[in-house]
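Enquirer: Sequence and predicted model, in that order:
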Amino acid sequence: MIASELKLINLLPVTLDSREAAIRLADIVREYSGDKQIELDFSGIEFMSRSFADQFHKELYLHDEDTFEIVIKNADASIIRMLDAVSKTQTKRKAVKKTHQVASYNDLKQMESFVTSW
């Protein structure tokens, strides 16, 4: 299997903290997706925000139909935890229809008496 290695420090700032940077990285990864395996080398990357991880996951795992493997190398434990947390919470879910009880009041006094009765 042919693999491409991308050193993120050469492509992005040392702190990965914006959705725009995640989109840029996803676009770069897609350029190499014909290789079927892409190694992302996190050497020198100090921080990854939840918004970056969330957007990166959405860009590559929820939108792309191409199948390629991403291998994470030299990532700090906090980055691994962030990617893991996002992958567990970002799944395609069906909408759940909920009904909510609605209270109606004619005046403020009526509402105040309801709130104080709790």
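Expert: It's in.
Enquirer: which regions of this structure lie under the pLDDT threshold?
Expert: For the chain, the stretches with pLDDT under 70 are 1-2, 62-66, 90-107, 110-118.
Enquirer: Please, where are all the helices along it?
Expert: Counting by DSSP state H, the chain has helices at residues 19-31, 50-57, 77-89, 108-116.
Enquirer: what's the closest of the ones you listed to Lys7?
Expert: Taking CB to CB, helix 19-31 is the member of the helices of the chain nearest to Lys7, at 11.3 Å. Glycine gets a C-beta too; all of them are placed from N, C-alpha and C.
Enquirer: Measure how the closest one sits relative to helix 50-57, angle-wise.
Expert: Using axes from the mean of the first three to the mean of the last three CA atoms, to 10 degrees, the direction of helix 19-31 lies 30 degrees away from that of helix 50-57.
Enquirer: Quick one: residues in contact with helix 19-31.
Expert: Contacts with helix 19-31, where a contact means CB atoms under 8 Å, 6 or more residues apart in numbering, come from 6, 8, 11-13, 16, 38, 40, 51-56, 59-60, 64, 66, 70.
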